[in-house]
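**Q** Sequence below, structure please.
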Amino acid sequence: MGRNKVAISILIFCLLFVFFLPKGLLIPADVKDVDFGEVPSSLHCPPNIHIKTEYYQYKLNHFVNFTLIQNQTPMANITLRGVEGKYLCLPEGILVYAYYPGSSRSWAGTTLALFDYNMSLKWWRPASGYPLRYTQDGLILVSSAPFGSGGESCAYIMNISTGETTFRFCPDVLGAHISDVRIIGDKAYVTVGWPDRGWSSLKTKVILYIVEGKKVKRKTITSINGEGLGIRVRVDADDSHVAVAYYLKNEKGEEKNGVCIYTAGHLIKIACKSFNDRPYDVKLDGNIVYIKTWNSVKAYKIIGP
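**A** I've put the predicted structure just below:
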């Protein structure tokens, strides 16, 4: 009887040990040149096209005036409401937009206009949020409510040719900061930082959403005690893995930096790795994950499912 109890105890211990084992590992790998998806040179304007921006204020209103110059000759002019003005030369035309900088003002929206390369205005309109990234699927805009408020934060995709919104997703947490949006295949990956006040203490959580049609998956990645004064969360994915690199900083100056890898299908955690450098971007390349920090590029081999 004694031996049976010992054997059963050992079996239970082994099962618990296997159950709680990490599903995989991240081990250092050689760093090679990798494309993190920065703005390609094709989005810069041709040398004969120049865009001049001028900010001015009238009473309590803020405006940016854009002058489109071709071959040193002013060809078109438009004034848009906002504080900062930017532009992109895209396959669809020349996109100019004015907005209020800082995510806390993204609720104020952005005003955009598109000109063709003959300098004719194709459309102009206000839009929610501010431009985050241009992709082959369109212009990604995000609108983040004041952090910790009861406001709704949303991500959008705009068709550049028409100016119409083709995608809208609002996370199910209020007062969240939308940090990153990636369109990969037929899925949208959205990362947010959210202050969870809980019952007794405040934690800032990093949450990943995967949107595919009407289906939404949600995964809490990590958290830090206190209010998230600094939040940057980048995501990348392929058919096998999802990588989330995060930087969190609270009001005490404490930081949390790292990367976590999940299976693409069921978001099962494979492994996480913490480090001191703040991550700026992340990229998957087969079974290697690359993390671009402010100081260097790190690479880890993914060992696991």
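**Q** need the strands for the stretch 151-300 of the chain, in chain order.
**A** Using DSSP state E, counting those that start in this stretch, the strands of the stretch 151-300 of the chain run over 154-158, 165-169, 177-184, 187-196, 203-212, 215-225, 230-237, 241-249, 255-263, 269-274, 279-285, 288-293, 297-303.
**Q** partners of the last one in the sheet?
**A** By that I understand strand 297-303. Paired with strand 297-303 in the same sheet, following DSSP bridges, are strand 25-28 (antiparallel), strand 288-293 (antiparallel).
**Q** just those strands: most buried one?
**A** Counting by mean count of other CB atoms under 10 Å, strand 288-293 has the highest mean neighbour count of those, with a mean of 21. Where C-beta positions appear, they are placed from N, C-alpha and C, glycine not excepted.
**Q** now it against strand 279-285, angle please.
**A** Strand 288-293 and strand 279-285 meet at an angle of 160 degrees, taking axes from the mean of the first three to the mean of the last three CA atoms, to 10 degrees as the criterion.
**Q** what angle sits between strand 288-293 and strand 230-237?
**A** On the basis of the same axes, to 10 degrees, strand 288-293 is oriented at 160 degrees to strand 230-237.
**Q** buried ones in stretch 45-52?
**A** Neighbour counts over stretch 45-52 (16 or more other CB atoms under 10 Å) mark 45, 49, 51 as buried.
**Q** With respect to residue 114, which of these is nearest?
**A** residue 51 (12.9 Å; CB to CB).
**Q** Report the separation between that closest one and residue 109.
**A** In this view, residue 51 and residue 109 are 21 Å apart by CB to CB, to the nearest Å.
**Q** export stretch 224-244 as PDB, just CAs?
**A** Coordinates of each C-alpha in stretch 224-244 appear next as PDB, following Å, rounded to 0.1, in the frame of the first residue of the first chain:
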ATOM      1  CA  ILE A 224       2.500  46.200 -14.800                       C
ATOM      2  CA  ASN A 225       1.400  47.600 -11.500                       C
ATOM      3  CA  GLY A 226       0.200  51.200 -11.600                       C
ATOM      4  CA  GLU A 227      -0.700  53.500 -14.400                       C
ATOM      5  CA  GLY A 228       0.900  53.000 -17.800                       C
ATOM      6  CA  LEU A 229       2.600  56.300 -18.500                       C
ATOM      7  CA  GLY A 230       4.600  54.600 -21.300                       C
ATOM      8  CA  ILE A 231       3.100  52.000 -23.600                       C
ATOM      9  CA  ARG A 232       4.400  50.600 -26.800                       C
ATOM     10  CA  VAL A 233       3.200  47.200 -28.100                       C
ATOM     11  CA  ARG A 234       4.100  45.800 -31.500                       C
ATOM     12  CA  VAL A 235       2.800  42.700 -33.100                       C
ATOM     13  CA  ASP A 236       3.600  40.400 -36.100                       C
ATOM     14  CA  ALA A 237       2.200  37.100 -37.200                       C
ATOM     15  CA  ASP A 238       2.500  34.300 -39.700                       C
ATOM     16  CA  ASP A 239       0.800  30.900 -40.300                       C
ATOM     17  CA  SER A 240       2.600  29.400 -37.300                       C
ATOM     18  CA  HIS A 241       3.200  32.100 -34.700                       C
ATOM     19  CA  VAL A 242       2.100  35.400 -33.200                       C
ATOM     20  CA  ALA A 243       4.800  37.700 -31.700                       C
ATOM     21  CA  VAL A 244       4.100  40.500 -29.300                       C
END
